[in-house]
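Chemist: pasting the structure only:
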């Protein structure tokens, strides 16, 4: 990224001449992709891309943005002028003003994520062989399934330079192996399994491949069993959910609702747009933390505005403590800037987002084995042994996160699972059903957790048309009391 | 365009000169060179750091190469790709793969003449930006005057130069425009519009009126008892169901690889999957439709086809590879909003439909569609904003969780297409299970 020194110097000088404050966001990205369908290679690709976004601010706070892929200085000057013209035009049109960037302290830093295998350590050909082998090994174990396997490895490099002299360079490496399993009988059912990380060790290291194997086998068995499963009766239940669904709960119910750009309309914001700090929203045993973790799929050390991203305790001991805030809306929300601004690409404007979000529960019940090896019957036994459930209680165990959505203004959120087990003397599998909850009461139902923290639930988070990597988790299992505001949507 | 000329020249060089391992025998590429302007309003305020006007120019596309040994490569193209073609050729070669049944380079016998360009939209970017801002100020003034409180909206205009070239001599060049706008009121209900042409005043007015009346109807909260009942899906909710449950299962790659609810034989025998009144039609040559085009990058001409006709499976969506594998002719591919038409030979009138509903709900929007298993047809979704219907009257708003099987609903003879004035897309009336708080 050092090759952009002259371009940055020239651009910032030009911005000064135009009388604007400028944030320059330079992105270079490269990616490998392998797609295999039932042992046959469907597509392999290697791609590179690069571009620059120019975010301009007038002294009065008018804002404009322009993006280009062409790095030549003359073209960049043209785009800076365009962004500046828009910003001045916004002043004239009485658009919303924002002068917060003028309060920033300049930081200069370079952060390069440590990975075991650099991006080019294994070739695409080797990746293809591994994906085909894994896909084929699973496929031959079952007679009525189809598997699509995707391996994706990306390395983003960013340089964020600002008019105040701030200049940070960082990279974001990430990988994911993703399988979609379709079982066919008289009916059809589809499930998924994934393993993510920061490098190709997910495909090449034995310990990780073993986890991947177990996860895909579990997803295959679930898809086959779902062919005979009925829909559960809709209503309110005591619930056990796995760590990936608990990530969904934290992400949808709280993460989005505390992003500082939306607090004006969020149920966790006051009418003036300030954050409802200090409100009790969960049981005192519950905390929610967002933290960029090195080696994680959603790692990001600096924000897209060049501000260090820090650990945020959204809920501490049941009480709302901190918001996920960026420089543009932290002051309005009356919260500290936490460096939460992220973006999909140089073409986009950063908005506050999560990275790795987790639910932590005090004094979890110990469980000393891999989560992939824990069966529903064992969970039921643990619940009874620890007096968390009674023998005649109706308890649903939800497995496998399939994504979620939230409407922070109305306090409604949903997420979906891959399957539902009704726990009891006999375990019965049901079709997946939506978990529909209310932000202000959902976490008040968490009564216990089982197992250590597992934080690799991978996903992609969409907000205002921008997709960014997300991840998180919780203890292996989280237990929730039945709650009238939490509906399992069934028959 | 210099970019196209250079890329074509470089590729021809790799065909004719001895390049050993890098010798190629066929190729195609498609390029979109675009310029766009997007403006936004958030919480009644124009612009701001998150919604400030955005200008962008870009070159994006796709290249497909057939190497001398029949291995294949596919890659993205952007402005900087041509800076070092020899280096990229090495990378693309390393990323090549054997693809059983992959097609040869293709040219169709005829290409359609489709109108895709509107000068008025083009002018919005360079000369007449005021008209783009007028949309947002009109939304705001009308809706705030109408008693709504919070407006979030966008408007954008783009123009594109499309280029498709291949080693069989195919040369397609055309100019296109795109206009889109979205409007969302009181964080409750909204709609969007996208077309090659701008949103005309009368449509814009009905867009605003529909949003205003829906949000106001939802304000008064009501209650409804759960259970099975008729639900009426708003046009955008109907579209979401169709795209998720039908389009995904109609993709040729999914059908062939047994990853769809439908098997190849189901198409051969015309399996009944909907009531005979219902049809799903793909049209990529309608003038000014956002989903229209002249040709796919592969060289398959835009066109029209029934995917489901009179309730029976007719054709999957087939690119050249899966057309080869399934021994069928390639079909047009859906590209963007508006190319899929879900229709009924018999249509119900909106007013008559709600007049005839003793008890039911109108679903205005949904949470969680992307989380549903499209292959099973099962749905379990939260509808945070529903209008309660009692004896033909809207009596208030409520939240509901709806569940059932969409494939079964489509086969039900009581499922009906309902026309809504001012909307090109239809509503859908069907039975569903409802769970409420």
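Modeler: Looks like it came in fine. Keep in mind that this is a model prediction, so the values were computed, not measured.

Chemist: mind listing the strands for the stretch 251-400 of chain B?
Modeler: Secondary structure of the stretch 251-400 of chain B, counting by DSSP state E, counting those that start in this stretch: strands at B:278-283, B:304-309, B:312-313, B:340-344, B:347-349, B:359-367, B:378-390, B:393-405.

Chemist: Please identify the deepest-packed of the ones you listed.
Modeler: strand B:378-390 (a mean of 25; mean count of other C-beta atoms under 10 Å in any protein chain shown). (C-beta placed from N, C-alpha, C; glycine too.)

Chemist: So that one, near chain A or not?
Modeler: Yes. Using C-beta under 8 Å from any C-beta of the partner chain, strand B:378-390 reaches chain A at B:378, B:380-382, B:384-385.

Chemist: could I get these as JSON lines with pLDDT?
Modeler: Shown next, in JSON lines, are these (pLDDT from 0 to 100):
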{"residue": "B:378", "pLDDT": "96"}
{"residue": "B:380", "pLDDT": "94"}
{"residue": "B:381", "pLDDT": "95"}
{"residue": "B:382", "pLDDT": "94"}
{"residue": "B:384", "pLDDT": "94"}
{"residue": "B:385", "pLDDT": "96"}
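
Chemist: And these, which two are furthest apart?
Modeler: Greatest spatial distance among the residues of strand B:378-390 next to chain A (C-beta to C-beta): B:378 and B:385, at 22.5 Å.

Chemist: So which bits of the stretch 101-250 of chain A are right by chain B?
Modeler: A:123-125, A:128, A:146, A:148, A:180, A:182, A:184, A:187-190, A:226, A:231, A:234-235.

Chemist: Now go through these and say which are in strands.
Modeler: Secondary structure from DSSP state E places A:146, A:148, A:180, A:182, A:184, A:188-190 of those in strands.

Chemist: Is residue A:396 located within a strand, as I assumed?
Modeler: Yes. Assignment of residue A:396 by DSSP: H, G, I helix; E, B strand; the rest coil places it within a strand.

Chemist: So it sits against residue A:240, correct?
Modeler: Yes. Counting by C-beta atoms under 8 Å, residue A:240 is a contact partner of residue A:396 at 7.3 Å.

Chemist: helix or strand right after the helix or strand bottoming out on mean pLDDT in chain A?
Modeler: Lowest on mean pLDDT, DSSP states H and E among the helices and strands of chain A sits helix A:439-442, with a mean of 90. Next helix or strand after helix A:439-442 toward the C-terminus (DSSP states H and E): strand A:446-454.

Chemist: so what secondary structure elements neighbour that next one?
Modeler: Applying 3 or more C-beta pairs under 8 Å, 6 or more residues apart in numbering or on different chains; DSSP states H and E, one finds that strand A:446-454 contacts helix A:243-249, strand A:356-361, strand A:466-480.

Chemist: Neighbouring strands - and their directions - for the shortest one?
Modeler: According to DSSP bridges, strand A:356-361 has the following sheet partners: strand A:286-290 (antiparallel), strand A:466-480 (parallel).

Chemist: can you list contacts of the very next helix or strand once past that strand?
Modeler: Per DSSP H and E, the first helix or strand lying C-terminal to strand A:356-361 is helix A:376-385. Residues outside helix A:376-385 that contact it (C-beta atoms under 8 Å, 6 or more residues apart in numbering or on different chains) are A:240, A:365, A:367, A:388-391, A:395, A:397, A:421, A:423-424, A:427, A:450, A:477, A:479.

Chemist: quick one: residue B:28 and residue B:297 touch, right?
Modeler: Yes. Residue B:28 lies in contact with residue B:297 (C-beta under 8 Å); the separation is 6.3 Å.

Chemist: list the residues that contact both of the two?
Modeler: Applying C-beta under 8 Å, 6+ apart, one finds that residue B:28 and residue B:297 are jointly contacted by B:64, B:164.

Chemist: what helix or strand does the residue sitting furthest away from the middle of chain A sit in?
Modeler: Here the centre of chain A is the reference, and by C-alpha atoms, centre = their mean the most remote residue is residue A:17, at 39.8 Å. For residue A:17, the host element (DSSP H and E) is helix A:5-18.

Chemist: quick one: strands adjacent to the next helix or strand after that helix?
Modeler: The element immediately downstream of helix A:5-18 (helix or strand, assigned by DSSP H and E) is strand A:20-37. Looking at strand A:20-37 with DSSP bridges, its partner strands are strand A:40-58 (antiparallel), strand A:145-162 (antiparallel).

Chemist: Export those strands as CSV, with columns for mean pLDDT, mean neighbour count and distance to residue B:14.
Modeler: Output for those, formatted as CSV (pLDDT from 0 to 100; neighbours: other C-beta atoms under 10 Å in any protein chain shown; distance: least, C-beta to C-beta, whole Å):
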stretch, mean pLDDT, mean neighbour count, distance to residue B:14
strand A:40-58, 97, 22, 17
strand A:145-162, 98, 22, 27
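
Chemist: domain parsing for the chain?
Modeler: Here I'm looking at chain A. Using automatic domain parsing, the domain parsing of chain A gives A:2-226, A:238-488.

Chemist: Hmm, no, I was thinking of chain B.
Modeler: Taken from automatic domain parsing, chain B resolves into B:119-219, B:227-241+B:346-435, B:261-344.

Chemist: Would you reformat the ones in strands among the residues of the stretch 101-250 of chain A next to chain B as JSON lines and include distance to residue A:269?
Modeler: Below are these laid out as JSON lines (distance: C-beta to C-beta, whole Å):
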{"residue": "A:146", "distance to residue A:269": "46"}
{"residue": "A:148", "distance to residue A:269": "41"}
{"residue": "A:180", "distance to residue A:269": "38"}
{"residue": "A:182", "distance to residue A:269": "42"}
{"residue": "A:184", "distance to residue A:269": "47"}
{"residue": "A:188", "distance to residue A:269": "43"}
{"residue": "A:189", "distance to residue A:269": "40"}
{"residue": "A:190", "distance to residue A:269": "38"}
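
Chemist: Mind giving me the ChimeraX command for buried ones among the residues you listed?
Modeler: In ChimeraX, a selection of the buried entries from these looks like this (16 or more other C-beta atoms under 10 Å in any protein chain shown):
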select /A:146,148,180,182,184,188,189,190
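
Chemist: Residue of the stretch 101-250 of chain B nearest chain A, please.
Modeler: Proximity of the stretch 101-250 of chain B to chain A (C-beta to the nearest C-beta) peaks at residue B:187, 3.5 Å away.

Chemist: contacting residues around that residue?
Modeler: Residues in contact with residue B:187 (C-beta under 8 Å, 6+ apart) are A:265, A:407, A:409-410, B:150, B:152.

Chemist: among these, which are in strands?
Modeler: Per DSSP E, strands hold the following members of the contacts of residue B:187: A:407, B:152.

Chemist: From the contacts of residue B:187, list the buried ones, please.
Modeler: Buried by 16+ other C-beta under 10 Å: A:265, A:407, A:409-410, B:150, B:152, out of the contacts of residue B:187.

Chemist: and which of those is nearest residue B:52?
Modeler: Once C-beta to C-beta is applied, the member of the buried ones among the contacts of residue B:187 that ends up nearest residue B:52 is residue B:152, at 14.2 Å.

Chemist: who touches the closest one in this structure?
Modeler: B:40-43, B:183-185, B:187, B:190.

Chemist: Any chance of CSV for these, columns secondary structure and pLDDT?
Modeler: Formatted as CSV, the contacts of residue B:152 follow (DSSP: H, G, I helix; E, B strand; the rest coil; pLDDT from 0 to 100):
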residue, secondary structure, pLDDT
B:40, strand, 96
B:41, strand, 96
B:42, strand, 94
B:43, coil, 93
B:183, strand, 97
B:184, strand, 97
B:185, strand, 97
B:187, coil, 93
B:190, strand, 96
